[in-house]
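Enquirer: Based on what follows, work out the 3D shape:
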Amino acid sequence: MRYAVLVLEQPWWELNKDPEQTSVRHFLDGLSRLNGIPIFYATFYDTSSFDHALKYLMDARKLDEVDHLILYVAGHGAGARIGNGQSRSTNLTTIFDRIQQYGKDKVAGLILDSCELGAQTEIIERGVKTAKLTWAIGYGISIDWLTSMLINLHLLSIMTRFSPPELRKKKIFENCIQDACGMFNPFLVLDGDIGEDEEPFFLSEVLTVIGNSSAREPSLLRADQIWPELAEK
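Expert: Here you go, the predicted structure:
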C-alpha cells in the first residue's frame, strides 16, 4: 500500500496584499519529509485550470508506483463554490465530476480546505458515491486558516496508515477518525469570521466527515462518533 497526496491550490490573496503568497505547500512538504508521503502540487484559478491541473497531476509517471491518492483542494470557499473572488469560481459538484473523469479510480479521499463547502453534505455524499471515494472531509463555516491546516495535517498523517478497503469498514473508519481528531478539543472555536455579538462555532459542530462504507450509502459521521466523550454529556 502506497499513498500520494495531490494538492490543487488556488492563490489565497492578491499579490499586493500577500507578497509572500501564503500556501499550504510548505506545511505539506513538512509532512512529506516526516512521513515519507509523496506530495504533488499544482495551482488552479478557475474551473478550466482546475481541469488542467488535475489532469496534469494524474499524468505524472511517478504515480504509476502509487496505489492510492488523496486529493487536497485548497482555496477560499463560499456556499457550494470554491473561488477567490477575483476569478470564476468552481462548483463543488464539478470537483467530484472531474475526480470521476480523471481520477483513474485511484482517488481514495478528499480534503476540502475551504470555508463553508463542508455544509453541502448532500452534494458531498452524492459526489463521494459517484466518484467512488472512500471518504471526504470539509468545514461548514468560515474557518481560521492555520487551525484548519493543522487539523488537515494530522488527518492526512492518520488516514494514510490504512488502505481504502480497510477504511470502508465502518468501525475501522470511525476509529481512524477518532485517532485523527482526538487530539483536538471538540469545543475548539473554529469560526474565522466571528463578530463580537455572535456565538462561536465549535469544531465538533462544523467538521464534516463522510465515509463510504462497503455495506451502505455514504454517510455523515455524527460528532459523538468522532468524539465518543460527547455521547456521555
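Enquirer: tell me the contacts of R2?
Expert: R2 makes contacts with E65, V66, D67, H68, as judged by CB atoms under 8 Å, 6 or more residues apart in numbering. All C-beta spots, glycine's among them, are computed from the backbone N, C-alpha and C.
Enquirer: go on, W227?
Expert: Going by CB under 8 Å, 6+ apart, the list of residues near W227 reads Q178, C181, G182, P186, S204.
Enquirer: Type out the PyMOL command that picks the buried ones from the residues you listed.
Expert: A single PyMOL command is used to select the members of those judged buried by 16 or more other CB atoms under 10 Å:
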select buried, resi 181+186+204
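Enquirer: Closest to M58 out of the contacts of W227?
Expert: Among these, C181 lies closest to M58 (CB to CB), at 29.3 Å.
Enquirer: quick one: the residue positioned nearest the centre of the chain from K171, how far?
Expert: By CA atoms, centre = their mean, the chain has its centre lying nearest to I111, at 0.9 Å. Noted for I111: a distance of 22 Å to K171, by CB to CB, to the nearest Å.
Enquirer: Tell me which other helices or strands the helix or strand containing G30 touches.
Expert: Assigned by DSSP states H and E, G30 belongs to helix 25-35. In terms of contacts (3 or more CB pairs under 8 Å, 6 or more residues apart in numbering; DSSP states H and E), helix 25-35 is packed against strand 3-9, strand 39-43, helix 145-159.
Enquirer: export these to a markdown table and tack on distance to R98 and mean pLDDT?
Expert: Output for these, formatted as a markdown table (distance: least, CB to CB, whole Å; pLDDT from 0 to 100):
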| stretch | distance to R98 | mean pLDDT |
| --- | --- | --- |
| strand 3-9 | 10 | 95 |
| strand 39-43 | 13 | 94 |
| helix 145-159 | 21 | 93 |
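Enquirer: So for Q225, which of those sits nearest?
Expert: Nearest of those (CB to CB): helix 145-159, 15.3 Å.
Enquirer: In contact with A74, which residues are there?
Expert: V7, L8, E9, Q10, V24, D113, S114.
Enquirer: ok, these vs D144, which is closest?
Expert: Taking CB to CB as the measure, D113 is the one of these closest to D144, at 11.8 Å.
Enquirer: does that closest one really touch L150, like I thought?
Expert: No - using CB atoms under 8 Å, D113 is not in contact with L150; the gap is 11.4 Å.
Enquirer: neighbour count winner among the two?
Expert: Each of D113 and L150 has its neighbours counted (other CB atoms under 10 Å); D113 has more, 23 against 13.
Enquirer: Just give the closest residue to the more buried one, not the sequence neighbours.
Expert: Take D113 and drop its neighbours on the chain: the residue closest to it by CB to CB, 6 or more residues apart in numbering is A74, 4.1 Å away.
Enquirer: now swap in Q100 and tell me
Expert: Nearest to Q100 is A131, by CB to CB, 6+ apart, at 4.4 Å.
Enquirer: wait, isn't the one you found in contact with T93?
Expert: No - between A131 and T93 there is no contact under CB under 8 Å: 10.5 Å.
Enquirer: Tell me which of those two has more neighbours.
Expert: A count of neighbours by other CB under 10 Å puts A131 above the other of A131 and T93, at 21 against 16.
Enquirer: Now do the contacts for the more buried one.
Expert: Counting by CB under 8 Å, 6+ apart, A131 touches F96, D97, I99, Q100, G103, V107, L110.
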